[in-house]
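Chemist: only geometry, no sequence info:
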DNA sequence: CGAAAATACTTAACATGTTAAGTGAATACG
DNA sequence: CGTATTCACTTAACATGTTAAGTATTTTCG
């Protein structure tokens, strides 16, 4: 019990503990996580009504914009790891929302494309999805949203360069 | 095959498909996801060396800053759902990194606190964690980082109000 | 050519995210 | 006082995140 703070922000507690670290709830990873969760919370109910998870929806969207893609390419576009993508594609194929055929020139690769049914499903989800996005844009402000995305992109970029350096270090 | 774009940014494809949606890779959820992943990619190796996952680390950090907390309170602080937290606490307890005891006044609640071992582990991880954070701050710019976090907080806030409205609607 | 290395996935195993249902303890209230 | 409801968690079930290992195909190169 003691002085159990009821304030969730856990403000600037003066009696610091053994490890004097940055206020936990204000760390960048937490800020990003919470912001993303706040956004996704808006979309999930609509997706759920259509029997889609967030990731499945990402894949369908990606496929709709590129006709056909190899699995690796799709993983990069939908920002999913290979194993996750493998599982999801298996399920989407079972539901006849996508189609696959192995490439003729290279039997290792398989070309994935969205099926007619998949297109139909997308068409049924897209309107509400767009409406939600529009509401978010309006609430937050279109200009501010653009600024935010700009900063997020820069953050990603400046950290990607760190990764590149590490990869070189690994090779050496 | 056809005109399979090699460009991962999937630029401003002129020949739009059936569903004319916002460029997928530039959606807000994707921007947030990629930014967060770029950040976490910096921390994960260090955590892994110490045998901790990102979420376990979040819990230990949260506990270190508040001495003892109820599970529900901890879930809010570490931004984890109840079921996830339940599992993780079970594991952390088995590793003797945390301690639990049921509250005397209310047998339903259990008070969780970090153990001596947990504090030791934190102390061993904190330095490298702080160093990584410092490098990110330096690379991105302290002022810009503060701006970004400010915007993320505003985004979260303006969407939280939407949720509140929905909850009222649900009750009605 | 043919064995070694690289490539494009897929499987496996374990941890977490997400929703629904279950359990035991405290409250509300008739 | 007793029962229905609420509350604080926990379990269950299924989907994904994450790393490592496996499989089949292709390339590389001696």
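Modeler: Arrived safely. Since the structure is predicted, the reported quantities are computational estimates derived from the model, not experimental observations. Numbers count the residues shown, from 1 in each chain, chains lettered A, B, ... in the order given.

Chemist: Can you verify my assumption that residue A:42 contacts residue B:158?
Modeler: No. Applying CB atoms under 8 Å, one finds residue A:42 not in contact with residue B:158, separated by 11.0 Å. Where C-beta positions appear, they are placed from N, C-alpha and C, glycine not excepted.

Chemist: neighbour count winner among the two?
Modeler: Using other CB atoms under 10 Å in any protein chain shown, the more surrounded residue of residue A:42 and residue B:158 is residue A:42, with 19 against 16.

Chemist: so which helix or strand takes in the more buried one?
Modeler: helix A:28-49 (DSSP states H and E).

Chemist: got the angle for the following helix or strand past that helix vs helix B:28-49?
Modeler: Using DSSP H and E, the next helix or strand after helix A:28-49 towards the C-terminus is helix A:54-66. Angle, helix A:54-66 to helix B:28-49, by axes from the mean of the first three to the mean of the last three CA atoms, to 10 degrees: 130 degrees.

Chemist: related to what we said a few turns ago, give me the distance from the helix holding residue A:42 to the chain's centre.
Modeler: Distance, stretch centre to chain centre, for helix A:28-49: 9 Å (CA atoms, centre = their mean, to the nearest Å).

Chemist: And stretch A:138-154, by the same measure?
Modeler: Distance, centroid of stretch A:138-154 to centroid of chain: 17 Å (CA atoms, centre = their mean).

Chemist: Kindly report the same for stretch A:111-127.
Modeler: With CA atoms, centre = their mean, you get 19 Å for stretch A:111-127.

Chemist: Any buried residues in that stretch, and which?
Modeler: Within stretch A:111-127, the residues that count as buried by 16 or more other CB atoms under 10 Å in any protein chain shown are A:111, A:112, A:114, A:115, A:118, A:119, A:121, A:122, A:125, A:126.

Chemist: and which of those residues is nearest DNA strand D?
Modeler: residue A:111 (13.3 Å; CB to the nearest atom of the strand).

Chemist: The host helix or strand of that closest one pairs with which strands?
Modeler: For residue A:111, the element it lies in under DSSP H and E is strand A:110-114. Using DSSP bridges, strand A:110-114 pairs in its sheet with strand A:68-70 (antiparallel), strand A:98-102 (antiparallel).
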